[in-house]
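S.K.: Turn this into a structure:
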Amino acid sequence: MERRRNHTSQKTPKIVLLVTTIALLLLTIIPICYPFLGYPLYLLKNYYSKSSPSPSPSSLSVSSVHDMPREEESAVSLADDDDEKYCDIFSGEWVPNPEAPYYTNLTCWAIHEHQNCMKYGRPDTEFMKWRWKPEGCELPVFNPAQFLEILRGKSLAFVGDSVGRNQMQSLICLLSRVEYPIDVSATPDEHFKRWNYTSYNFTLAFFWTPHLVRSTEANSRGPSNTGLFNLYLDEFDQNWTTQVEEFDYLIISTGHWFYRPLVYYESHHIVGCHFCLLDNVTDLTMYYGYRKAFRTAFKAINEIKNFKGVTFLRTFSPSHFENGLWNSGGNCLRTAPFKSNETTLEGANLELYMIQLEEFRAAEREGKKNGRKFRVLDTTQASLLRPDGHPSTYGHWPHEKVTLYNDCVHWCLPGPVDTWNDFLLEMLKMEGVRSKQEKLYSSDRKMKFR
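M.R.: Model prediction:
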């Protein structure tokens with residue numbers, strides 16, 4: 001009996017040593033595998049190159065923005081004649097492009113007045129003469145004839161706020177080299193537009209929904225003179241959710257409206273707010289509302305009975321106010337892009353971006369049960385590196401009496417937002433290949449589990 005106790009006590013240190021070794025090994029492996037757990041390489045690529053052993057999670061280098069490849073999906077594929085290679089088109093740098101721009105404010109009528117920088121006297125033109133160069137491959141410049149041919153007989157809708165409309169107007173201008181659409185809108189309301197490219201039977205639409213969920217304006221001024229809005233976080237905004245069933249592609253996005261004062265409702269009761277300054281109402285921050293709004297919007301898409309289209313999440317587009325906030329003299333006067341090592345995605349920009357991706361992943365998992373297709377159109381890095389691309393004061397004449405702040409949120413047209421449509425076209429070109437791969441993967445999984 002004594003001998004057995006001695007033998008057991010001798011084995012105990014070995015067991016402890018073994019457990020400790022395994023634990024240390026796991027702690028070493030997990031960070032390496034961390035991107036494959038569903039988080040973007042965007043936030044991790046430069047993690048280990050930092051001089052600090054533990055960089056702050058609220059300030060990480062921007063070097064790769066990408067819908068991270070996982071078991072059943074791959075990076076955007078750019079095929080050569082000789083071989084097929086895979087490239088993260090969202091990770092790269094801006095490089096000079098003397099051939100740009102490909103339209104002007106004189107050749108395109110679709111430019112919103114507040115983004116018509118050349119009309120209103122912006123003195124520099126170099127901000128229009130850049131293109132996106134991914135690491136390890138080339139991203140083709142937008143080809144309007146190719147886009148229209150791919151979308152022949154199909155439909156595409158932008159769902160979101162004025163930055164989403166900014167991208168849609170860029171698309172109309174880029175396509176204008178081939179054809180202008182005719183207005184087939186069912187309403188004169190400029191917030192809900194439809195156009196048809198008759199030669200291609202392609203329908204393009206925009207649905208205004210700055211909060212993605214049902215919302216009402218409770219006070220036109222509010223605590224910050226930008227309005228106070230009631231957000232019904234568990235209710236669909238039927239102005240768009242009842243209209244998109246027929247569309248082949250949706251591009252969903254929103255962001256900056258969540259900086260405004262908001263009152264949150266769930267199950268018809270106030271649950272909190274963001275900067276509402278109302279008595280006995282808890283401030284839950286804008287992040288709470290942002291997460292719940294995307295969750296509800298994605299739920300709406302997954303519950304649209306006969307929707308067979310592809311949903312693109314267009315990721316958050318950072319603003320570039322410097323030397324003050326948007327309402328305290330902040331401006332954006334730079335005339336050249338950043339390099340990727342000159343700025344970081346941090347603070348609120350990082351938080352909003354991560355919320356989008358987390359809610360997207362959850363919706364994607366749920367949607368796959370019914371064959372729904374979700375994609376990430378990740379414009380965040382490319383946008384972050386373009387502080388020079390905003391209208392600033394060049395969205396109106398200097399002598400006009402307007403109550404507009406310096407605009408460092410939207411994008412001049414022509415300008416960096418045109419590249420968002422370069423991304424979109426490349427993803428559409430690969431959609432057929434990817435859909436086939438997903439079907440093969442799904443079929444393979446079913447065979448394995450039989």
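S.K.: Just the CA atoms of stretch 366-386, as PDB, please.
M.R.: Taking Å, rounded to 0.1, in the frame of the first residue of the first chain, the C-alpha atoms of stretch 366-386 are listed here in PDB:
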ATOM      1  CA  GLU A 366     -28.000  31.000 -40.100                       C
ATOM      2  CA  GLY A 367     -28.500  31.800 -43.800                       C
ATOM      3  CA  LYS A 368     -26.600  28.800 -45.000                       C
ATOM      4  CA  LYS A 369     -29.200  26.500 -43.500                       C
ATOM      5  CA  ASN A 370     -31.500  27.700 -46.300                       C
ATOM      6  CA  GLY A 371     -29.000  28.300 -49.000                       C
ATOM      7  CA  ARG A 372     -28.700  32.000 -48.500                       C
ATOM      8  CA  LYS A 373     -25.500  33.700 -49.800                       C
ATOM      9  CA  PHE A 374     -23.600  36.400 -47.900                       C
ATOM     10  CA  ARG A 375     -20.500  38.200 -49.000                       C
ATOM     11  CA  VAL A 376     -18.200  40.900 -47.500                       C
ATOM     12  CA  LEU A 377     -17.400  43.900 -49.700                       C
ATOM     13  CA  ASP A 378     -14.700  45.100 -47.500                       C
ATOM     14  CA  THR A 379     -14.000  48.800 -48.400                       C
ATOM     15  CA  THR A 380     -12.700  49.800 -44.900                       C
ATOM     16  CA  GLN A 381      -8.900  49.700 -45.500                       C
ATOM     17  CA  ALA A 382      -9.100  51.400 -48.900                       C
ATOM     18  CA  SER A 383     -11.300  54.100 -47.400                       C
ATOM     19  CA  LEU A 384      -9.200  54.600 -44.300                       C
ATOM     20  CA  LEU A 385      -6.200  55.400 -46.500                       C
ATOM     21  CA  ARG A 386      -8.000  58.200 -48.400                       C
END
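S.K.: per-residue confidence averaged over it?
M.R.: For stretch 366-386, mean pLDDT is 97.
S.K.: do stretch 157-166 as well
M.R.: 98.
S.K.: Kindly check the end-to-end length of it for me.
M.R.: Stretch 157-166 has an end-to-end distance of 13 Å (criterion: CA to CA, to the nearest Å).
S.K.: for the stretch 101-250 of the chain, what spans make up the helices?
M.R.: Using DSSP state H, counting those that start in this stretch, the helices found in the stretch 101-250 of the chain span residues 144-150, 162-175, 238-241.
S.K.: Deepest in the core, which of those is it.
M.R.: helix 162-175 (a mean of 23; mean count of other CB atoms under 10 Å). Placement of C-beta: from N, CA and C, glycine included.
S.K.: Show me what that helix is packed against.
M.R.: Counting contacts by 3 or more CB pairs under 8 Å, 6 or more residues apart in numbering; DSSP states H and E, helix 162-175 packs against helix 144-150, strand 155-160, strand 202-208, helix 417-449.
S.K.: Now with 10 Å, please.
M.R.: helix 144-150, strand 155-160, strand 192-197, strand 202-208, strand 249-252, strand 310-314, helix 417-449 (3 or more CB pairs under 10 Å, 6 or more residues apart in numbering; DSSP states H and E).
S.K.: Could you dump those into CSV with distance to Asn239 added?
M.R.: Output for the helices and strands packed on helix 162-175, formatted as CSV (distance: least, CB to CB, whole Å):
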stretch, distance to Asn239
helix 144-150, 27
strand 155-160, 10
strand 192-197, 7
strand 202-208, 7
strand 249-252, 14
strand 310-314, 17
helix 417-449, 24
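S.K.: Compare the ones you listed and report which one is nearest to Tyr180.
M.R.: strand 192-197 (8.2 Å; CB to CB).
S.K.: about what we covered before: using a markdown table, please lay out the helices of the stretch 101-250 of the chain together with distance to Arg434.
M.R.: Shown next, in a markdown table, are those (distance: least, CB to CB, whole Å):
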| stretch | distance to Arg434 |
| --- | --- |
| helix 144-150 | 14 |
| helix 162-175 | 21 |
| helix 238-241 | 25 |
